[in-house]
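S.K.: Predicted model, plus sequence, below.
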Amino acid sequence: MKINDVSYRSVWVDPDDGWSVRIFDQTRLPWALDILRLTQCGQVAHAIRTMQVRGAPLIGAVAAYGLALALRVDASDTAMERDAAMLAATRPTAVNLGWAIGRMLTRLRLLAPADRVAAAYDEAGRICDEDVIQNEAIGRLGLELIEELHRARGNAAGPVNILTHCNAGWIATVDWGTALAPIYMAHDRGIDVHVWVDETRPRNQGASLTAWELGSHGVPHTVIADNAGGHLMQHGKVDLVIVGTDRVTRNGDVANKIGTYLKALAAADNGVPFWVALPSTTIDWSISDGVREIPIEERASAEVTHISGLTGAGQVETVQLTPQGSGAANPAFDVTPARLVTGLITERGRCSATADGLCDLFPEYV
Ligand SMILES: CSC[C@H]1O[C@H](OP(=O)(O)O)[C@H](O)[C@@H]1O
């Protein structure tokens, strides 16, 4: 995606700087565009844990490069398995992380230690290239959905109003994004779209990242409190909900940022289509009961009790929202049962949020 007319991916390596890994520090957006230079596996793990880099497909890709950095230090079997396990354990919910590390190990275990570094960079690069291709396909297939809604509106005045939760844009993937890819393509093709951007407490990925992405691309959008979505749906102001996901079970249950389940309930109650955009690397074929089997990350209570923002002097400051001594719980994800999901947008097509729907698109996993 372009920033100030310069094309970027969300992760890249610099061959002229010892094959260091570069990412944007997403905790500094939208106030600053800071590029982090990662040269050690431990730095990659820290960036993932602290959400300097986040987004299910992207943390998988960055962790893959983290393993490449680790192998530069020690490519022995013992060190490789240890460092891979450490990276895979940085965050529990996004299945892409474990998938990417597993794919790397499948290739690297077959190689002599001396051959592992080059192969690791090559495989991590393939993971990145494939993510871009998959997300572009998701964009095209999701665009068809938006075009169908646009036609169905006929001459009705105003834009196609789309609500999204958290950030599933290009900064959450290697490029294009998942939930936002169809929106970018619709906007670029001249379809009048407007996006209701859930702020997405407590980390505010919507207010700080989705709003920044859409604003940078010129897509009309309005930031709203998470609690406003149901009201807007009740008053006919939402034509479509599109969200990303961190893990989808083989029968279509969807784990995504906390609050997604509540949006799905409101959408079902108001007859608003609720679609989930995902590359197939986000499908966990090993489980079928999302509520019981998907691990939900519990993050620090300080993310709820405190909030960061920009002062008038242009400094990023963190302030306390809650009384001293008040506890806070911070589950970072929830699971939307498949029955509340209208459909899934994958790189191979759109399907129902069912085992049959997914198996029709991905028969090799049956
Ligand atoms: C295409 S990103 C998918 C998913 O990842 C985000 O989680 P986090 O910001 O904690 O990394 C969010 O749930 C997005 O919808």
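M.R.: That came through fine.
S.K.: helix or strand for residue 182, which one?
M.R.: Here residue 182 sits within helix 181-188, counting by DSSP states H and E.
S.K.: next one: residue 197
M.R.: Under the assignment here (DSSP H and E), residue 197 is part of strand 193-198.
S.K.: what's the answer for residue 317, then?
M.R.: Applying DSSP H and E, one finds residue 317 within strand 316-320.
S.K.: now residue 179
M.R.: Using DSSP H and E, no helix or strand contains residue 179.
S.K.: mind checking pLDDT for it?
M.R.: The per-residue pLDDT reported for residue 179 equals 98.
S.K.: Which residue is the nearest non-sequential neighbour of it?
M.R.: Using C-beta to C-beta, 6 or more residues apart in numbering and skipping residues adjacent in sequence, the residue nearest residue 179 is residue 168, 3.7 Å away. Bear in mind the C-beta positions are built from the backbone N, C-alpha and C, glycine included.
S.K.: How about the contacts made by that neighbour?
M.R.: 55, 177, 178, 179, 180, 243, 244, 245, 277 (C-beta atoms under 8 Å, 6 or more residues apart in numbering).
S.K.: Just say helix, strand or coil for the second one.
M.R.: Under the three-state scheme (DSSP: H, G, I helix; E, B strand; the rest coil), residue 177 adopts coil.
S.K.: That one and residue 169 touch, don't they?
M.R.: Yes. With contact defined as C-beta atoms under 8 Å, residue 177 reaches residue 169; the gap is 3.8 Å.
S.K.: all strands of the stretch 251-366 of the chain, in order?
M.R.: 254-257, 274-277, 283-284, 306-310, 316-320, 333-336, 343-346, 349-351 (DSSP state E, counting those that start in this stretch).
S.K.: among those, which is the most enclosed?
M.R.: strand 254-257 (a mean of 28; mean count of other C-beta atoms under 10 Å).
S.K.: Quickly check: it near the ligand or not.
M.R.: Yes. Strand 254-257 lies within reach of the ligand by C-beta under 6 Å from any ligand atom, at 256, 257.
S.K.: Got the phi and psi for residue 65?
M.R.: Dihedral angles of residue 65 (phi, psi; degrees, to the nearest 10) stand at phi -70, psi -30.
S.K.: OK, contacts around it?
M.R.: 11, 13, 21, 38, 44, 121, 124.
S.K.: The last one sits in which helix or strand?
M.R.: Counting by DSSP H and E, the element that carries residue 124 is helix 116-152.
S.K.: Check whether that helix comes near the ligand.
M.R.: No. Judged by C-beta under 6 Å from any ligand atom, helix 116-152 and the ligand are separated, with a smallest distance of 8.2 Å.
S.K.: next one: that helix to chain centre, how far?
M.R.: In terms of C-alpha atoms, centre = their mean, to the nearest Å, the centre of helix 116-152 is found 12 Å from the chain centre.
S.K.: So which elements touch whichever helix or strand comes after it?
M.R.: Note on helix 116-152: by DSSP H and E, the next helix or strand toward the C-terminus is strand 160-164. When contacts are defined as 3 or more C-beta pairs under 8 Å, 6 or more residues apart in numbering; DSSP states H and E, strand 160-164 sits against helix 116-152, helix 181-188, strand 193-198, helix 229-234, strand 240-243.
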